[in-house]
Each structure stands twice: as C-alpha cells, then as structure tokens.
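# What follows is a protein structure lacking sequence information:
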C-alpha cells in the first residue's frame, strides 16, 4: 500500500473530520512539550489524555474501516450508509480501546513514591490538598533525583495548612506509609 492511498483515505469522508481532530491533538501535545502545562495526575486519567486517546483511536479505526471497505478510497469512496457504519463501529472501537488503555495510563500517571523515605525527613514540602489533618493530606516535595514527588502527609492540626503552604517533614510512619509534617514559614526559618 502506497503512502498515497493512506493520504487519500485520510482525506476522504468519513475519515477527514477525525484527521483534522488528530492533527489538533498532535499540535496540542507539541505545545505541551514545548512549554505548556503537564497533565494533572490524580486518581483518574485527565480529560486531555482521555480525549486525545479517544480521537486518535477513532481516527485509526475510521482510516482502517475506509481502507478495508474501499481499498482505493480516491477511486471508490464509501457511500453514505457505509460511512455511517464505519463511523459508528470506529467510535465503538475507540471507546472500548480508551477504556482498556485507562488502567495502564492511570498507573503510569500515579504519583511516584520516594525510594528512601528517611531521606526526606527535614525536607520542606508544599501542601497540595485543601485539607491536611490527622487522616488526610498530600504535599509535593523534591526527591533525591530532583523530580517532584507527591507524598501522603499528616498533620496534628494545631496550625492550619492550606494549599500552597510550606511544611517541614519531621517523621515517617512506615506502617501507614505517610509523612508527618509541621507548618514551616521560610521567612522565619
């Protein structure tokens, strides 16, 4: 199959709307790599990643469906009924593929765990959650390799810790896998 057949298929209805969406996804991720924001990790897969995967899979599925149906889409483009069937099947395949890829993507975006928690004792971290108390809270600290690491933190609740507040890590609870922190004002040190 020549590259011309692929280009012809990509520029034939029903593939062409997905082609333009796939180009938009490519431009978006190039801008992210150049200096845009990174996807926010958390418990789920961020919408920008889910949407990108869904669009690319839909584009690939419509491209494959068009090529399987017509062989040479420039000479014999699919009719209206065939185009509707191709789009419906491609969207179903894209949704199924995105659902199957969600778990590995979620695992890849899970915040890293420090290799040696004892090395972080005495470090300064920045609170990332709305509440830090004896049962809940997360903060970001710079790991040994210089990369930011999101850690589970706990606080006795005497001083209020808000998002963006700095805190000092003073203890590690190995049983629960959490760090205990105390409010820290960098100006007062």
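Noted; the coordinates are in hand. Just so we're clear, the structure is a prediction, and the values are computed from it rather than from any experiment.

# Mind telling me what element the residue of the chain positioned farthest from its centre is part of?
Taking CA atoms, centre = their mean, the residue of the chain most remote from its mean C-alpha position is residue 75, at 40.1 Å. Assessed by DSSP states H and E, residue 75 sits outside every helix and strand.

# and it, backbone torsions?
phi -80, psi -40 (degrees, to the nearest 10).

# which residues does it contact?
Residues in contact with residue 75 (CB atoms under 8 Å, 6 or more residues apart in numbering): none are found. Where C-beta positions appear, they are placed from N, C-alpha and C, glycine not excepted.

# quick one, domains of the protein?
The chain breaks down by automatic domain parsing into domains covering 3-109, 117-183.

# Next one: residue 116 from residue 126, what distance?
20 Å (CB to CB, to the nearest Å).

# between those two, which one's more packed in?
residue 126 (14 against 9; other CB atoms under 10 Å).

# Toward the C-terminus, what is the element adjacent to the helix or strand harbouring the more buried one?
Using DSSP H and E, residue 126 sits in strand 124-127. Using DSSP H and E, the helix or strand that follows strand 124-127 in sequence is strand 138-142.

# So what are the sheet partners of that following strand and their directions?
Counting by DSSP bridges, the strands paired with strand 138-142 are strand 124-127 (antiparallel), strand 148-154 (antiparallel).

# Before I go, just wanted to say thanks for your time.
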